[in-house]
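Participant: only geometry, no sequence info:
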Ligand SMILES: [Fe+2]
């Protein structure tokens, strides 16, 4: 393997990792080289050659078991999805979220690789939710510590589940706590009335998405970006009007605590 180099991507999260051959990486190399970097930086940017769906799947499997996603599968495998937009006529706006929090066991890691990019725009912002928790005003923290929140998957279809998740999540490998509420899937805090619940979620999300906690990635073709859904929220910026296509795979996790 070529010499791996790591440089910080942003002051509070993100690292750029170069010199890797993703087609050749073994689970042992991922565990020894990349997992510690992910725990330290939460978002890894790995520039390289564009991978086929089966190659991305093979690299993703080096991180653990994969989860299927209900949206936009490629034909070859249920474990790789295409995030595709024609740009033109797509007026949906981005929203902050951690992936699939409505799932009983949401993915711990999401990876995306850029295949087709607009000439400008289409970036992704990440926000460090450990930092969000560490700096949470005491009055908010006392309301959220130990609380559970409902997360709904109904945006993906009527049969998708609603799941109770902890409002504050403890990372099962580093032990760090993180804010685990998002404005897309989190519908209410269990046991609170709608108004109080909505206001609490809104204030927590406002705090958790402060620019100070963020890193904004500007994609290049071949960039593989992978992040820890236990540690960050992300926001896809829909500010482009041309084609954009990225391949995605998600690594299964346990029940959040
Ligand atoms: Fe996402």
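Facilitator: Sure, I can see it. Quick caveat: nothing in here was measured; it's all calculated off a predicted structure.
Participant: from here on, contacts and neighbour counts on C-alpha atoms
Facilitator: Fine.
Participant: I'd like the distance between the residue nearest in space to the middle of the chain and residue 87.
Facilitator: Compute the mean C-alpha point of the chain, and by Cα atoms, centre = their mean the closest residue is residue 229, 4.5 Å away. Taking Cα to Cα, to the nearest Å as the measure, residue 229 falls 26 Å from residue 87.
Participant: about what we covered before: wait, isn't the residue nearest to the centre of the chain in contact with residue 97?
Facilitator: No. Using Cα atoms under 8 Å as the test, residue 229 is too far from residue 97 to be in contact (9.0 Å).
Participant: Where in the protein is the helix or strand with the lowest mean pLDDT?
Facilitator: Every helix and strand in the chain was compared by mean pLDDT, DSSP states H and E; the lowest is strand 81-85, with a mean of 91.
Participant: ok and the next helix or strand after it relative to strand 81-85, angle-wise?
Facilitator: Counting by DSSP states H and E, the next helix or strand C-terminal to strand 81-85 is strand 109-116. Angle of strand 109-116 versus strand 81-85, following axes from the mean of the first three to the mean of the last three Cα atoms, to 10 degrees, is 50 degrees.
Participant: Now do strand 109-116: distance to the chain's middle.
Facilitator: Relative to the mean C-alpha coordinate of its chain, strand 109-116 is positioned 11 Å out (Cα atoms, centre = their mean, to the nearest Å).
Participant: again, but for stretch 100-108
Facilitator: Worked out by Cα atoms, centre = their mean, stretch 100-108 lies 11 Å from the chain centre.
Participant: try stretch 122-135
Facilitator: Mean-position distance between stretch 122-135 and its chain equals 10 Å (Cα atoms, centre = their mean).
Participant: What is the end-to-end distance of it?
Facilitator: By Cα to Cα, one end of stretch 122-135 lies 29 Å from the other end.
Participant: in it, what counts as buried?
Facilitator: The neighbour-count check on stretch 122-135 (16 or more other Cα atoms under 10 Å) flags 122-133 as buried.
Participant: what about that stretch, average pLDDT?
Facilitator: Averaged across stretch 122-135, the pLDDT comes to 98.
Participant: How about residues contacting that stretch?
Facilitator: Residues from elsewhere that reach stretch 122-135 (Cα atoms under 8 Å, 6 or more residues apart in numbering): 12-13, 42-43, 141, 168, 176-180, 207-211, 213-219, 231-240, 244.
Participant: Going by neighbour count, which residues in stretch 47-60 are buried?
Facilitator: Buried residues in stretch 47-60, counted by 16+ other Cα under 10 Å: 47-51, 53, 56-60.
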